[in-house]
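In: following is a predicted model, sequence given first.
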Amino acid sequence: MQLSAQDDTYYNSLNPTSATFVSDLKARLRTPYTRISYDSYDETNVANYSSFVVDATQRGVLCVYSGYQYTYTPVFTWSVFSREHTWCQSWMPVGGSLGYDQYNDQNHLFPTEQIHANGVRSNHPLGIVTNVTNTFYDAKFGTNSSGKTVYEPRDKHKGDAARALLYMCIRYDDIGGYNWNFNTLNAFLPKAGEAPQDLNTLLLWNSQDPPDKWEVDRNNFIQANQQNRNPFVDHPEYVYYINFNDLTKLNPAYSTEPANNATNFSATINGTSVTLNWTAASPGAQAPSAYLLEAYNTDNYFVPVDGIVYTDDADLSDGIARVNVDYANSNYTFNNINPSLSYYFKIYSYNGNGSLRNYKINNAPKTTTYIGTYSNSLALDNFNRANSTNIGNTITANALTWNKIETVSNSSIQIVNNMLRLGSTTSGREFAYLDLNSVTGYPVVPANATSIITWAFNFRQTRAAPSGFDNNNYGMAFILGKTTNDATTGDGYAVLIGDASNLYRIRLASFSGGLDANANFTNLITGSGFTNDYLNVKVTFNPNGSKWSLYAENNSSAFLQSDPRNTATQIGNTI
């Protein structure tokens, strides 16, 4: 069991129901404050927070707008990436200058890819793209439903971007006699040839993408350097107490916040189930009506937003679950977990329902936040090995062996944000596999299975015209099973993107003699028209009759299914 608590003392002087809340919040954000130069962003934020280890010699940075990963050998330099002002420089009343706090403020500076993300966003407002002009990874550019030009960041950054813009509005309004409210901004933007920045979209993103652990930790890091915080990360409900159009006070109605959170939070494992136990929150001045339980299989969490109801989802197979539990209960059991993985749990008290729901998210008392963890990690290899054309391996805590071959670079195969990525940009054979004999319960021979086997995964070949698997071609394969542990020999089954005869084909194929030639594949099920779209893919094998089925759903800008097991469009089946 591990415990963590958000330090809420920064907000002790604030009361969102006070008539002076807006002015009090402004004062809180402005003192203390230490300007960290924009030029030092790489030495501070990138070097010590935004970047992460890729292997023994390299680090990586994600473009917050798109999810593109830039891998570099330290020291980091600004060439491929740039420091993005979420509140654009041209929007600032005094323009972009190192001599002003707003230009340097790390609360709205993020690392972004320069040419295809930052350069495309330019000075455009953020919004929901309905008519796409172009995409870059998970970011979109085009026009909204009103025909206005907008830039849409990936879903994972929408709330972050919204909270950064709302922070800037409060932090810098009325300094030097300048207004930073949205009425003023949206009077300026049309004169500059831009559409207004829609405030309702930002408020929607704040609720749809609540703050997570990465954003809270970033807030902690910025405070350690700059001394102030973004209050909307710690208290996303604060945005509903402010009319950002003119910065007047709003008075939303919520149920009374519970006085306390649960205590003695613990996790007990029993085979493939984990039971959470706790001591009921003391009623105090206001008893909770229920609890919100969060569960992750990575060290993460989200901060719930007052007035938002999170529907029950007890399925942890996609790595996240959340359930509402009545106050009368003091335990809850999650089933069908993988006992070899680590799981993290958090509990919040709340009172009321619907738009009145009020969560207890601060740390008074200090035991408000709990994370329960069980077991060791299984197969969490991050492929941190030197480049080699030979097979290498890493032994995990449970002696499970992952293997890879890379012929292009030692960053071609990576696990990033719990996703396996093949990232080579030149021809080569990048290959990662797991010896199925080391996985308990997995049928090494599909025909010997006692029930239907399902493989489900997200799949994307970013080349517009993948050409296949011959020399100097580009193809991508998800291997369902294989008799050998290298790319150029052996027999098996795979889902493929790209071949010489049909560039835009997705197919389930059997192969013999390895994955290094189009001639080695025998198509079992094929579908066309997928180009470089985002693909949700599901394959099933029914040992009763040896029936294969291939399902795939595509979209030009994002994955349609958050859980690829829900993919329902059948491409075909065969025996």
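Out: Received, thanks.
In: any weak-confidence spans in the stretch 1-150 of the chain?
Out: The stretch 1-150 of the chain contains residues with pLDDT under 70 at 1-7.
In: the helices in it, which residues?
Out: Secondary structure of the stretch 1-150 of the chain, counting by DSSP state H, counting those that start in this stretch: helices at 21-30, 41, 101-104, 119-121.
In: shaky segments in the stretch 351-500 of the chain?
Out: Those would be 363-406, 408-411, 414-427, 435-443, 499-500, if you go by pLDDT under 70 across the stretch 351-500 of the chain.
In: quick check: domain ranges of the chain?
Out: 17-38+87-106+125-249, 263-374, 443-574 (automatic domain parsing).
In: with distance to residue 257 and mean neighbour count as added columns, please give the ones you listed in a markdown table.
Out: Every residue, glycine included, has its C-beta placed from N, CA and C. As requested, the domains of the chain are exported to a markdown table (distance: least, C-beta to C-beta, whole Å; neighbours: other C-beta atoms under 10 Å):
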| stretch | distance to residue 257 | mean neighbour count |
| --- | --- | --- |
| domain 17-38+87-106+125-249 | 10 | 18 |
| domain 263-374 | 5 | 17 |
| domain 443-574 | 31 | 17 |
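In: got those as TSV, with distance to residue 118 columns?
Out: Listed next are the domains of the chain as TSV, based on distance: least, C-beta to C-beta, whole Å:
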stretch	distance to residue 118
domain 17-38+87-106+125-249	10
domain 263-374	26
domain 443-574	19
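In: can you name the residues that contact the most centrally placed residue in the chain?
Out: Taking C-alpha atoms, centre = their mean as the criterion, residue 156 is the residue nearest the geometric centre of the chain, at 4.5 Å. Neighbouring residues of residue 156 by C-beta atoms under 8 Å, 6 or more residues apart in numbering: 67, 138, 209.
In: so how far is the helix ranked longest in the chain from its chain's centroid?
Out: The residue-count maximum for a helix in the chain (DSSP state H) belongs to helix 155-172. Helix 155-172 sits 17 Å away from the centroid of its parent chain (C-alpha atoms, centre = their mean, to the nearest Å).
In: okay, it in PDB with CA atoms only?
Out: C-alpha atoms of helix 155-172 as PDB (Å, rounded to 0.1, in the frame of the first residue of the first chain):
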ATOM      1  CA  ASP A 155      -7.600  14.200 -26.700                       C
ATOM      2  CA  LYS A 156      -5.000  13.600 -24.000                       C
ATOM      3  CA  HIS A 157      -3.900  17.300 -24.100                       C
ATOM      4  CA  LYS A 158      -7.300  19.100 -24.500                       C
ATOM      5  CA  GLY A 159      -7.900  19.600 -20.800                       C
ATOM      6  CA  ASP A 160      -4.300  20.600 -20.200                       C
ATOM      7  CA  ALA A 161      -4.400  23.200 -23.000                       C
ATOM      8  CA  ALA A 162      -7.700  24.500 -21.700                       C
ATOM      9  CA  ARG A 163      -6.500  24.900 -18.200                       C
ATOM     10  CA  ALA A 164      -3.300  26.600 -19.400                       C
ATOM     11  CA  LEU A 165      -5.300  29.200 -21.300                       C
ATOM     12  CA  LEU A 166      -7.700  29.800 -18.400                       C
ATOM     13  CA  TYR A 167      -4.700  30.200 -16.100                       C
ATOM     14  CA  MET A 168      -3.200  32.900 -18.300                       C
ATOM     15  CA  CYS A 169      -6.400  34.800 -18.300                       C
ATOM     16  CA  ILE A 170      -6.400  35.100 -14.500                       C
ATOM     17  CA  ARG A 171      -2.700  35.400 -14.000                       C
ATOM     18  CA  TYR A 172      -2.200  38.400 -16.300                       C
END
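In: if I take it and helix 21-30, what angle do their directions form?
Out: 100 degrees (axes from the mean of the first three to the mean of the last three C-alpha atoms, to 10 degrees).
In: which helix or strand lies directly C-terminal to helix 155-172?
Out: Counting by DSSP states H and E, the element after helix 155-172 in chain order, helix or strand, is helix 182-191.
In: next one: that next one to chain centre, how far?
Out: Going by C-alpha atoms, centre = their mean, the spacing between the C-alpha centre of helix 182-191 and its chain's C-alpha centre is 31 Å.
In: tell me the first helix or strand C-terminal of it.
Out: Taking DSSP H and E, what comes next after helix 182-191 is helix 199-208.
In: check contacts around the closest residue to residue 109 other than its chain neighbours.
Out: Leaving aside its chain neighbours, residue 109 sits nearest to residue 83 (5.1 Å; criterion: C-beta to C-beta, 6 or more residues apart in numbering). Applying C-beta under 8 Å, 6+ apart to residue 83 gives the contacts 38, 41, 42, 109, 110, 111, 112.
In: name the nearest of those residues relative to residue 225.
Out: Distance to residue 225 across the contacts of residue 83 (C-beta to C-beta) is lowest for residue 41, with 10.3 Å.
In: test my guess that the closest one contacts residue 108.
Out: No: using C-beta atoms under 8 Å as the test, residue 41 is too far from residue 108 to be in contact (11.5 Å).
In: picking that back up, any idea how far the residue nearest to the centre of the chain is from residue 135?
Out: 15 Å (C-beta to C-beta, to the nearest Å).
In: again, but for residue 245
Out: For residue 245, the distance to residue 135 equals 31 Å [C-beta to C-beta].
In: likewise for residue 318?
Out: 24 Å.
In: same check on residue 515?
Out: 28 Å.
In: next up, the contacts around residue 273.
Out: 333, 334, 335, 336, 337.
In: of those residues, which one scores lowest on pLDDT?
Out: pLDDT across those is lowest for residue 337, at 81.
In: shouldn't that residue be in contact with residue 319?
Out: No: if you go by C-beta under 8 Å, residue 337 and residue 319 don't touch, sitting 11.1 Å apart.
In: what residues are up against residue 117?
Out: 63, 65, 66, 68, 84, 136, 139 are the contacts of residue 117 under C-beta under 8 Å, 6+ apart.
In: nearest residue to it other than its sequence neighbours?
Out: residue 65 (4.5 Å).
In: just to revisit the earlier point, among the contacts of residue 83, who's most crowded?
Out: If you count neighbours using other C-beta atoms under 10 Å, the busiest of the contacts of residue 83 is residue 112, which has 28 neighbours.
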